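> build the 3D model from these lines:
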Amino acid sequence: MLKLNQIWDNILLETESKVSTLQYDLYINQLQPVGIHNDRLYLLAETRALKNIIDKNYKDIIKKCTALVFPTILDVEIITDGDLDNIGKVDKEVDLPVSGNYVSITDDKAVFVAQYSFDNFVVGKSNEYANAVAHAVAENKEIKYNPVFLWGGVGLGKTHLMHAIGNSLQRNFPEKKIKYVTCDQFVNEFIESLHDTANPNAMKNFRNKYRKLDVLMMDDVQFLANKEGTQEEMFHTFNELYLAEKQIILSSDRPPKEIKIEERLKTRFATGVIADIQPPDLETRIAILQKKCNARGYSLNIKVLSLIAEKITNNIREMEGMLHRIISYSTLVGGDPNDMNIVNDALRDYADSSNDIITIDQIVKTTCDYFGVRKEDIIGKKKNKEIVVPRQVCIYLICDILGQSVPLVSIGEYFGGRDHTTVMHARDKISEECKNNDITAARVKDIRDKIYNR
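Numbering: from 1, shown residues only. Below is the predicted model of the structure:
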């Protein structure tokens, strides 16, 4: 008998190699398996918009990948919460014949993405320390750094490094019991064990699963915020592993001190080595794109790669998405992907549909132009009102538009090495003024409209 998560994990493994990393993360990996009924696999989309995107662009891919592993699953249906009552009783554990593509996935054997290795991780000044720490953990049997805490904005390579560590550990130390889990998965498993009243050992089994490991790797620990019960469980899991001298590797989109969790847990996260990954510089971004082109057999010249690298400065996944967009568009229209007319046509639609293309530099430039101040003044040390107000408005807009993709610490560094608390003060001050001061609200709206070209 196969459990639903084993079935879905195998389908994901097949699907991941058929689409870009961006498409996989944004769409396919957001689906949750509901169950199987009448040889049909039901997958839950969080929103109607996601369902429509999957149905239009990715459903056929998912069906083909499903058939490769589970030939008797004849159809796949994407549903939303409103459809749950209409599908009837579904099975979450079934006896299915499998093909040779099936991978036996158990709790004892972590599955890491093979393409996420150290060999294809491009190192630059922005990530060299994090890469060195990751190598040290992956290659040494003795625990030197514990815990290891990797942090950085969305799409900068944290998950790549986590999987690279995992792949290396499994190769070098096959006897080690390793568990890779996203914070979201940990939270859901904890809740399920609490509610599983039919199994008196559910909580004990959950704790044994995580507290008897040699290596615990948890991605996106910022999602522990506001989950008091899970924080309590994580605190005791962390303590037991740490005292037993077992390796703990964590990742987040912000440093420990900025995560809204209990102070005792925050302190433990910061006990070992904290390594940040900053947005790569232009040369590194171009090198990343060249490596991705080599891996996929794309032939793009330096002019096109430079254009992509200049347009997107703080998200590697977004760069990869733009790269695939150019290739797919040129293939569809039968054009040369190095023809700048083709490139511009491919990206025109892309820019209209993506807010991620907006960068800190763009927001700063637009704000400076609006207030008639110089960039070097707004990111410098001047404290006169003519500079302070534009600076605070600029910081507010960066936080509001780019959200968690840019940590407060990074924003502070951009503005002359200011502390993250200064960034928080500016953000909150303008946020409050927008509610109570019509002039400030109008200014912010005007600048925002210019940023979005409205």
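
> how many neighbours does Glu93 have?
Counted by other CB atoms under 10 Å, the residues lying close to Glu93 total 14. For every residue, glycine as well, the C-beta is placed using N, CA and C.

> mean confidence score for stretch 86-106?
What stretch 86-106 shows for mean pLDDT is 74.

> same question for stretch 166-178.
The pLDDT scores in stretch 166-178 average 89.

> how long is it end to end?
In stretch 166-178, first residue to last residue: 8 Å (CA to CA, to the nearest Å).

> again, but for stretch 380-389
End-to-end distance of stretch 380-389 (CA to CA): 13 Å.

> quick one: average pLDDT of that stretch?
89.

> quick one, helices of the stretch 351-454 of the chain?
360-371, 375-378, 385-402, 408-414, 420-436, 438-451 (DSSP state H, counting those that start in this stretch).

> what's next to the last one, contact-wise?
Contacts made with helix 438-451 from outside it, assessed by CB atoms under 8 Å, 6 or more residues apart in numbering, are listed as 358, 362-363, 366-367, 369-370, 393, 396-397, 401, 430, 433-435.

> so how far is that helix from its chain's centroid?
Remark: helix 438-451 is offset 30 Å from the chain centroid, using CA atoms, centre = their mean, to the nearest Å.

> ok, now the first one?
Taking CA atoms, centre = their mean, the mean C-alpha location of helix 360-371 is offset from the chain mean by 27 Å.

> what's that helix packed up against?
Packing partners of helix 360-371 (3 or more CB pairs under 8 Å, 6 or more residues apart in numbering; DSSP states H and E): helix 375-378, helix 385-402, helix 438-451.

> please apply the same query to the second one.
Contacts defined by 3+ CB pairs under 8 Å, 6+ apart place helix 375-378 against helix 360-371, helix 385-402.

> Glu258 is nearest to which of those?
Nearest to Glu258, of all the helices and strands packed on helix 375-378, is helix 385-402, at 12.3 Å by CB to CB.

> buried set for that closest one?
For helix 385-402, the neighbour count (16 or more other CB atoms under 10 Å) marks 387, 389-399, 401-402 as buried.

> which of those lies closest to Leu289?
Taking CB to CB as the measure, Leu289 lies nearest Leu402 of the buried residues of helix 385-402, at 21.5 Å.

> three-state assignment of the residue most central in space within the chain?
The residue lying closest to the centre of the chain (CA atoms, centre = their mean) is Val154, at 5.1 Å. Here Val154 is coil, with the state taken from DSSP: H, G, I helix; E, B strand; the rest coil.

> verify the contact between Lys92 and Leu2 for me.
No. At 10.0 Å, Lys92 does not count as touching Leu2 under the criterion of CB atoms under 8 Å.

> export the buried residues of helix 385-402 to CSV and tack on distance to Asp419?
Converted to CSV, these look like this (distance: CB to CB, whole Å):
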residue, distance to Asp419
Ile387, 18
Val389, 19
Pro390, 19
Arg391, 14
Gln392, 15
Val393, 19
Cys394, 17
Ile395, 12
Tyr396, 17
Leu397, 20
Ile398, 16
Cys399, 15
Ile401, 22
Leu402, 19
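
> returning to that earlier point: Lys92 and Leu2: which is more packed in?
Ranked by neighbour count (other CB under 10 Å), Lys92 and Leu2 place Leu2 first, with 18 against 13.

> ignoring the adjacent residues along the chain, who's closest to that one?
Leu96 (5.4 Å; CB to CB, 6 or more residues apart in numbering).

> wasn't that neighbour part of a helix?
No. Going by three-state DSSP, the assignment for Leu96 is coil, not a helix.

> so what's it up against?
Neighbouring residues of Leu96 by CB under 8 Å, 6+ apart: Leu2, Ile7, Phe70, Thr72, Ile73.

> give me that answer again for 7 Å
Neighbour list for Leu96: Leu2, Phe70, Thr72 [criterion: CB atoms under 7 Å, 6 or more residues apart in numbering].

> which among the helices and strands packed on helix 360-371 is found nearest to Lys64?
Nearest to Lys64, of all the helices and strands packed on helix 360-371, is helix 385-402, at 36.2 Å by CB to CB.

> what angle do the closest one and helix 438-451 make?
Relative orientation of helix 385-402 versus helix 438-451 (axes from the mean of the first three to the mean of the last three CA atoms, to 10 degrees): 60 degrees.

> report the distance from helix 385-402 to the chain centre.
26 Å.

> remind me what that helix packs against, helices and strands.
Judged by 3 or more CB pairs under 7 Å, 6 or more residues apart in numbering; DSSP states H and E, helix 385-402 is in contact with helix 360-371, helix 375-378, helix 420-436, helix 438-451.

> deepest in the core, which of those is it.
The highest mean neighbour count among the helices and strands packed on helix 385-402, using mean count of other CB atoms under 10 Å, belongs to helix 360-371: a mean of 18.

> what's next to that helix, contact-wise?
By CB under 7 Å, 6+ apart, the surrounding residues in contact with helix 360-371 are 313, 374-375, 378, 390, 393-394, 397-398, 401, 406, 414, 446-447, 450-451.

> on that earlier part again, which one, of the helices of the stretch 351-454 of the chain, ends up nearest to Tyr42?
The nearest among the helices of the stretch 351-454 of the chain, by CB to CB, is helix 385-402 at 35.4 Å.

> and the contacts of the closest one?
Helix 385-402 is contacted by residues 358, 360, 363-364, 367, 371, 373, 377-378, 406, 411, 415, 423, 426-427, 429-431, 443-444, 447-448, 451 when judged by CB under 7 Å, 6+ apart.

> re earlier: so for Ala164, which of the helices and strands packed on helix 375-378 sits nearest?
So among the helices and strands packed on helix 375-378, helix 385-402 is nearest, using CB to CB, at 26.7 Å.

> and the closest one with helix 420-436, angle?
Interaxial angle, helix 385-402 versus helix 420-436 (the same axes, to 10 degrees): 90 degrees.

> what helix or strand does the residue lying closest to Met203 once chain neighbours are set aside sit in?
Of all residues not flanking Met203 in the chain, Ser193 sits nearest, at 5.0 Å (CB to CB, 6+ apart). If you go by DSSP states H and E, Ser193 is part of helix 183-195.

> if you count neighbours, what's buried in that helix?
Buried, per 16+ other CB under 10 Å, within helix 183-195: Cys183, Phe186, Val187, Glu189, Phe190, Ser193.
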